[in-house]
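**Student:** Next one to model:
(4 chains)
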Number of protein chains: 2
Amino acid sequence: MHNNPVPAQTWSIAELAAEYDVTLRTIRFYEDRGLLTPERRGTVRVYHSRDKVRLGLILRGKRLGFSLDEIATIVDMYDAEPGEEGQLVYLLDQITHRRADLEQRRRDIDETLQELAEVEARCHSDLNSLRGRTAPTHERR
Amino acid sequence: MHNNPVPAQTWSIAELAAEYDVTLRTIRFYEDRGLLTPERRGTVRVYHSRDKVRLGLILRGKRLGFSLDEIATIVDMYDAEPGEEGQLVYLLDQITHRRADLEQRRRDIDETLQELAEVEARCHSDLNSLRGRTAPTHERR
DNA sequence: TCTGTGCTTGACGCTTACGTAAACGTAAAG
DNA sequence: CTTTACGTTTACGTAAGCGTCAAGCACAGA
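**Tutor:** So this is what the prediction gives:
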């Protein structure tokens, strides 16, 4: 057996920025908002895998349209320590809310996808008409 | 047969605001951004079912986290006239992009829901431990 | 006629989520 | 030693999406 088998990889701010395709400004801004807490070596930021994971979660939250405040509560849930009963109950409550939110979003997405499919079908039909295959007999809203 | 069987219902701005739970300011703002184009009777806005539907689509887009500009392109797709071939091809292209976007979102949502379920399971387990049922034997990240 | 009630158009304010310099530190390379 | 690369803080700028007055019109009822 040996200690310290893996030197526990770290990243510079530029490396993280490149990997996730965001600017340095963005990463520093997230830190300012308390979403990231990189180590400091002197004045320089050093990011560990924990920070990297959190950045990934933050960006996924952004893709979902959450505000940074909402993202903060979500991401912090993942890292939450067991704590006392009140904390846990609160956390479960948060989870319930988040889940309801996300399921509403999924319904919205599914509806939108369905309607896009209809618009697409109309387009193809119209294209066929234009190319002289047949007259447009379908109903328009 | 008779003409004008239904007087074609209309709504005031306040009625729409109440129904969708938004402010008058918001509805006017959407008009300012070209998302709504209500009829004018004198100086007063009169909303027809078309406007009402569009407002619903706009708010759904908002729930999905789209910007108003993106929402504009989406909503306008629903109302698009057949037009020439170039237009149709462009529309189909837009649809492709939107669909890719939405499917990415759905993946993000599903991942998040899964992870929330894990956090929830941890919470319940921790609660049981606190209540003295059993010791927490599960792994923490 | 006075008082609401509901609508209108500005116009300024505010928050979020960064962009964009400016000015400086540090360490390696030429 | 100077340049270059990479990092830092401070701070002002900006676009989106409204909130929030302010001031005024139009019509209905007491």
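**Student:** can I assume residue A:9 is in contact with residue A:49?
**Tutor:** Yes: counting by C-beta atoms under 8 Å, residue A:9 does reach residue A:49; the two are 6.5 Å apart. Any C-beta I mention is one placed from the backbone N, CA and C, and that applies to glycine too.
**Student:** elements contacting the lengthiest helix in chain A?
**Tutor:** Longest helix in chain A by number of residues (criterion: DSSP state H): helix A:85-130. The contact analysis (3 or more C-beta pairs under 8 Å, 6 or more residues apart in numbering or on different chains; DSSP states H and E) places helix A:85-130 against helix A:68-79, helix B:49-63, helix B:68-79, helix B:85-130.
**Student:** so which of those helices is the most packed in?
**Tutor:** Burial of the helices and strands packed on helix A:85-130 is given as mean neighbour count (mean count of other C-beta atoms under 10 Å in any protein chain shown); helix B:49-63 ranks first at a mean of 18.
**Student:** Please see if it touches chain A.
**Tutor:** Yes: under the criterion of C-beta under 8 Å from any C-beta of the partner chain, chain A is reached by helix B:49-63 at B:60, B:63.
**Student:** which residues are contacting that helix?
**Tutor:** Residues from elsewhere that reach helix B:49-63 (C-beta atoms under 8 Å, 6 or more residues apart in numbering or on different chains): A:104-105, A:108, A:111-112, B:8-9, B:11, B:16, B:19-20, B:22, B:27, B:30, B:35-38, B:47, B:68, B:70-71, B:74-75, B:78-79.
**Student:** change it to 7 Å
**Tutor:** If you take C-beta atoms under 7 Å, 6 or more residues apart in numbering or on different chains as the criterion, helix B:49-63 is touched by A:104-105, A:108, A:112, B:9, B:11, B:16, B:20, B:30, B:35-36, B:38, B:71, B:74-75, B:78.
**Student:** nearest to DNA strand C, of the helices and strands packed on helix A:85-130?
**Tutor:** Distance to DNA strand C, taken as C-beta to the nearest atom of the strand, is lowest for helix A:68-79 among the helices and strands packed on helix A:85-130, at 3.1 Å.
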